[in-house]
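Engineer: quick one, structure for this:
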Amino acid sequence: MVRALVAAAVLATVCGTGAACATASGTGHRTAGQTGTGDGTGHDAAGPTRPEAAGPTRHDAAGPTGRGGAPDDEPFFVAPGSHAARQATAWRAAGRTADAHLMDRIAARPQAEWLTGPHPEAAVRDRTTAAARHRRTAVLVAYYIPQRDCGAHSAGGAPSAAAYRAWIDAFAAGLGDRDAYVVVEPDAVPHTVAGCAQVVPAERYALLAYAVDRLGRQSGTRVYLDAGNPGWIPDPARLVGPLRSSGVTRADGVTLNISNFHTDRTTSSYGKRLSGLLGGTRLVIDTSRNGNGPHLGPGTDLWCNPPGRALGRPPTRRTGDPLIDAYLWIKRPGESDGTCRGGPAAGRWWPSYALDLAANAHD
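Structural biologist: Here you go, the predicted structure:
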């Protein structure tokens with residue numbers, strides 16, 4: 001579930017999903033405007049079809065990225081000027097060199113750019129153009145579905161189905177033919193499966209299918225439809241019909257664990273069960289904060305700023321698993337999940353939490 005993302009940059013919002021559910025199933029997202037710089041995280045937020053997902057898609061995940069020409073192991077774009085980069089600079093200036101060095105663990109690694117506001121085209125174009133200039137691939141999140149976050153912390157999104165389709169068209173126009181990984185609507189499918197009363201399932205799935213198909217027409221774009229995390233919908237069979245209705249067989253795969261803390265082992269095991277039910281759908285896993293796995297303490301808000309967590313595996317396409325296309329940092333480490341455990345509003349930069357994530361990292 002996507003937590004409110006109120007991070008502030010320029011034209012596009014960067015987020016990590018936040019859970020509105022009261023278990024470790026949640027995700028933290030943000031929702032305020034669009035940052036355009038990719039500085040924030042949290043979640044606040046037809047045309048020709050694509051090849052079936054049973055087996056390799058039109059993009060060969062084992063090969064080079066294509067037009068960008070980036071190396072296989074580190075193809076993703078690191079945007080300058082992130083919260084972590086600015087924090088490291090400030091701490092160095094203040095003589096906190098050890099802390100600045102730890103913050104570099106976040107600043108030097110690629111993270112997703114979240115698009116959550118009404119005008120995505122310019123921000124998408126700017127990010128993908130900057131990435132292409134460095135021969136890298138942008139990672140973007142489309143997060144503007146109507147009734148986003150089921151009216152919870154990241155409430156908002158498009159005012160109508162027609163407005164959403166127009167928004168997706170503008171997003172696609174911004175992509176052009178440049179390389180990008182696009183995550184489609186974190187939490188939208190699992191929220192619906194979990195019974196969000198504000199959503200008409202058939203209408204939502206039709207909008208998601210439109211997004212998958214329209215974005216998939218861009219020659220440099222890989223499209224991944226979000227499927228939640230192992231703690232939210234424990235039985236992956238419940239997701240199969242909704243994902244199919246949402247166009248998953250025409251996408252490049254699904255994303256899992258956005259803004260959550262489940263380990264790579266747990267998430268990949270869950271993902272492989274889901275993939276088997278879908279005929280071989282490929283996986284992308286958010287590893288941004290799962291280095292120590294989920295928090296096991298008491299309470300129902302285990303997803304919200306849990307203590308003692310760590311950065312996870314750095315973003316890479318070299319996964320060692322033929323079914324997993326990439327490990328990515330989709331949630332931006334250091335941005336709050338919400339006003340719990342002393343944190344600021346969801347999506348706001350929280351230096352002390354970011355520092356703990358970096359200090360606890362195993363890599």
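
Engineer: any idea how far Arg165 is from Gln147?
Structural biologist: Distance of Arg165 to Gln147, given as C-beta to C-beta, to the nearest Å: 15 Å. Bear in mind the C-beta positions are built from the backbone N, C-alpha and C, glycine included.

Engineer: have a look at the protein and report the helix or strand with the lowest mean pLDDT.
Structural biologist: Within the chain, no helix or strand scores below strand 43, which has a mean of 37 by mean pLDDT, DSSP states H and E.

Engineer: thinking again about what came up before, show me which of Arg165 and Gln147 is the more surrounded one.
Structural biologist: Comparing Arg165 with Gln147 by other C-beta atoms under 10 Å, the one with more neighbours is Gln147, at 20 against 17.

Engineer: now the more buried one, nearest residue through space, not along the chain?
Structural biologist: With sequence-adjacent residues excluded and distances taken as C-beta to C-beta, 6 or more residues apart in numbering, Gln147 is closest to Gln198, at 4.6 Å.

Engineer: any idea how far Leu277 is from the one you found?
Structural biologist: Distance, Gln198 to Leu277, using C-beta to C-beta: 27 Å.

Engineer: avg pLDDT for the one helix or strand Tyr353 maps to?
Structural biologist: For Tyr353, the host element (DSSP states H and E) is helix 351-359. Mean per-residue pLDDT for helix 351-359: 98.

Engineer: so which residue of the protein lies furthest out from the middle?
Structural biologist: Residue farthest from the centre of the chain, counting by C-alpha atoms, centre = their mean, is Gly95 at 33.8 Å.

Engineer: which SS class is that one?
Structural biologist: Here Gly95 is recorded as coil under DSSP: H, G, I helix; E, B strand; the rest coil.

Engineer: can you list the residue ranges for strands in the stretch 1-150 of the chain?
Structural biologist: Secondary structure of the stretch 1-150 of the chain (DSSP state E, counting those that start in this stretch): strands at 29-30, 43, 113-115, 138-142.

Engineer: tell me which residues in the last one are buried?
Structural biologist: Taking 16 or more other C-beta atoms under 10 Å as the basis for neighbour counts, the residues of strand 138-142 that come out buried are 138-142.

Engineer: how about stretch 127-136?
Structural biologist: Quick answer for stretch 127-136 (16+ other C-beta under 10 Å): 127-128, 130-132, 136.

Engineer: about what we covered before: got the CA coordinates for the helix holding Tyr353 in PDB?
Structural biologist: The C-alpha trace of helix 351-359 is given here as PDB (Å, rounded to 0.1, in the frame of the first residue of the first chain):
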ATOM      1  CA  PRO A 351      18.400  11.900   7.800                       C
ATOM      2  CA  SER A 352      18.700   9.900  11.000                       C
ATOM      3  CA  TYR A 353      16.700   6.900   9.600                       C
ATOM      4  CA  ALA A 354      18.700   7.100   6.400                       C
ATOM      5  CA  LEU A 355      21.900   7.000   8.400                       C
ATOM      6  CA  ASP A 356      20.800   3.900  10.400                       C
ATOM      7  CA  LEU A 357      19.900   2.100   7.100                       C
ATOM      8  CA  ALA A 358      23.300   2.800   5.700                       C
ATOM      9  CA  ALA A 359      25.200   2.000   8.900                       C
END
